[in-house]
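Chemist: what follows is a predicted protein model with its sequence.
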Amino acid sequence: LTTCGVLSTLYKMMKRGIAVAVDHNEANSDDPMSDTHLSKFATKWLLYSTLWAFGGSMNVSKRYNLSDIITSNFDCELPHKDLKLLDLAANVTDGNWIEWNTMIPRIEIDANQVS
């Protein structure tokens with residue numbers, strides 16, 4: 001992993017965050033993001049992007065350590081004391097954090113269907 005690779009990833013993730021915000025505003029043209037909403041989302045997206053750009057190639061233990069470093073060095077309020085930045089994603093809908101595992105649909109599989 002190179003410095004250029006990490007910075008390129010961060011740049012691409014930031015571009016994606018801008019696209020997410022623009023898409024949200026286009027889909028909600030009657031009620032676009034307020035300045036406060038956009039600021040909350042952008043701040044969280046930057047922290048999220050920094051974690052994944054620098055920590056994406058790390059093992060989970062090192063990623064949790066990086067998560068702690070980021071949150072301790074920036075004014076970062078997490079929704080619950082037991083959660084880490086690694087457990088969260090920036091939610092464009094309201095600019096708040098969302099636990100990423102709540103975005104994954106749960107599927108119940110009957111034990112008889114598994115072979």
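Modeler: Great, that's in hand.
Chemist: and stretch 42-53, how far from the chain's centre?
Modeler: Centroid displacement of stretch 42-53 relative to its chain, using C-alpha atoms, centre = their mean, to the nearest Å, is 6 Å.
Chemist: where are the low-confidence patches of this structure?
Modeler: 115 (pLDDT under 70).
Chemist: in the longest helix anywhere in the chain, what's buried?
Modeler: If you go by DSSP state H, the chain has its longest helix at helix 3-27. By 16 or more other C-beta atoms under 10 Å, the buried positions in helix 3-27 come out as Val6, Thr9, Leu10, Met13, Met14, Gly17, Ala21, His24. (Glycine included, C-beta is placed from N, CA and C.)
Chemist: correct me, but the first one touches Trp52?
Modeler: No. When contacts are counted by C-beta atoms under 8 Å, Val6 is not listed as touching Trp52 (10.3 Å).
Chemist: my guess is Ser67 contacts Trp52. True?
Modeler: No. Counting by C-beta under 8 Å, Trp52 is not a contact partner of Ser67; they are 10.3 Å apart.
Chemist: neighbour count: these two, which is higher?
Modeler: Ser67 (21 against 18; other C-beta atoms under 10 Å).
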